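[1] here is a sequence together with a model predicted from it:
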Amino acid sequence: DTCKRAFGSFIKAQDPELYAWVEKNVTFPNSMVDRITPAVTPDDVTRLNKINGIEDKAPIYTEDFIQWVIEDNFIAGRPKWEEVGAQFCKDVTAYENMKLSLLNASHSLLCYPAFYNGYRKVDAAMRDERVVKYVEEFMDIDITPYVPEPPQINLAEYKKSLVERFANKTVSDQLARLCFDGAAKVPVYIMPNLIKMVRDNKDLTRVTFFFAMYRHYLRSTKDFKGVEYKVNDPWLSEHDWELIRSDDPVVFLKASPFEATDLTKSEAFKKQYLEFVQRL
């Protein structure tokens with residue numbers, strides 16, 4: 001619907017006659033794809049080409065897992081993609097919510113503490129039992145109450161598969177990739193469920209630690225082991241950086257990635273957040 005409205009409004013402004021035809025003859029099926037695809041380094045290019053015996057200038061590699069869910073809304077018929085593994089449904093929303101709330105949010109949650117602790121690959125971090133416990137409790141305690149189980153999905157098995165996928169040594173995803181552009185990810189992956197958690201007076205331990213750790217990561221130039229790093233978060237504005245650099249940790253909660261709600265109004269959130277800031 002979002003795509004149809006955006007594309008439709010553009011066409012209507014340019015060509016009302018074409019818009020009338022599109023309204024009658026075109027549908028815009030929503031879809032959701034779930035597959036971890038790491039960034040490809042120069043070393044990966046050499047490694048992959050050696051394995052494949054070719055000289056591909058831009059190879060990619062992925063995990064074995066793949067999920068492609070498509071809204072069955074095709075006005076003029078469609079290929080039988082379900083015969084090769086695609087899943088059709090009336091509404092993709094539940095699948096999208098599951099993926100964003102569990103996979104993507106967990107990626108964001110683990111990346112900053114793991115990176116700051118000296119890890120550079122997700123699978124290496126997932127061999128740390130503290131990280132695994134952190135991710136599992138976040139999914140089971142914090143997020144599951146807000147994720148309706150989609151049709152034909154066993155949520156418990158999906159969460160178990162996420163832990164296994166994160167720990168996949170063959171994929172060996174980069175933590176730097178997950179840390180990149182947090183300002184664009186947090187509003188989509190973290191904030192929607194966090195707002196509900198604050199509203200429902202839920203345990204905020206893991207999410208307040210995430211906020212304290214995100215601030216700590218942004219303010220630092222070296223990790224816990226003294227290795228230098230450079231923050232790559234292009235959507236943070238200069239005003240955001242003023243809030244990040246401030247010695248008052250509460251003003252960080254006013255940064256643009258968190259503008260969907262005023263976290264400074266939650267005393268429970270502020271209390272735990274400030275405790276973690278102090279400990280860090």
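    In hand now; what should we look at?
[2] switch to C-alpha atoms for all contacts and neighbour counts from now on
    Will do.
[3] the helix or strand V135 falls within packs against which elements?
    Using DSSP states H and E, V135 sits within helix 129-137. The elements that helix 129-137 packs onto, with contact taken as 3 or more C-alpha pairs under 8 Å, 6 or more residues apart in numbering; DSSP states H and E, are helix 105-116, helix 155-166.
[4] measure the residue sitting nearest the centre point of the chain to I70 for me?
    When C-alpha atoms, centre = their mean is applied to the chain, the residue found nearest the centroid is N104 (2.7 Å). Spatial separation of N104 from I70 under the definition C-alpha to C-alpha, to the nearest Å is 19 Å.
[5] what sits up against the helix holding V135?
    For helix 129-137, contacts defined as C-alpha atoms under 8 Å, 6 or more residues apart in numbering pick out S106, L109, L110, A114, A125, M126, K159, V163, R206.
[6] can you rerun that using 7 Å?
    Counting contacts by C-alpha atoms under 7 Å, 6 or more residues apart in numbering, the residues outside helix 129-137 that touch it are S106, L110, A125, M126.
[7] for this structure, give me the ranges with low pLDDT.
    Residue ranges of the chain with pLDDT under 70: 1-3.
[8] by contact count, what packs against the biggest helix by length in it?
    The single longest helix within the chain, with elements called by DSSP state H, is helix 205-219. For helix 205-219, the helices and strands in contact under the criterion 3 or more C-alpha pairs under 7 Å, 6 or more residues apart in numbering; DSSP states H and E are helix 105-116, helix 238-245, helix 267-279.
[9] N30: what's its closest spatial neighbour, skipping adjacent residues?
    Leaving aside its sequence neighbours, N30 sits nearest to E71 (C-alpha to C-alpha, 6 or more residues apart in numbering; 5.3 Å).
[10] hang on, that neighbour packs against Q87?
    No. Between E71 and Q87 there is no contact under C-alpha atoms under 7 Å: 8.6 Å.
[11] of all the helices and strands packed on helix 129-137, which one comes closest to K225?
    helix 105-116 (8.2 Å; C-alpha to C-alpha).
[12] next one: the residue nearest to the centre of the chain from W68, what distance?
    From N104 across to W68, the span is 16 Å (C-alpha to C-alpha).
[13] ok, A58 - how many residues close by?
    Neighbour count of A58, defined by other C-alpha atoms under 10 Å: 11.
[14] how about the one 4 residues further on?
    For T62, the neighbour count with other C-alpha under 10 Å is 15.
[15] cool, R78 as well?
    Taking other C-alpha under 10 Å as the criterion, the count of residues near R78 is 9.
[16] state whether it is indeed within a helix.
    No. If the criterion is DSSP: H, G, I helix; E, B strand; the rest coil, then R78 is coil and not within a helix.
[17] distance of it relative to K90?
    Between R78 and K90 the distance, using C-alpha to C-alpha, works out to 15 Å.
[18] so for the helix holding V135, what gets flagged as buried?
    Buried positions in helix 129-137, judged by neighbour count with 16 or more other C-alpha atoms under 10 Å: V131, V132, V135, E136.
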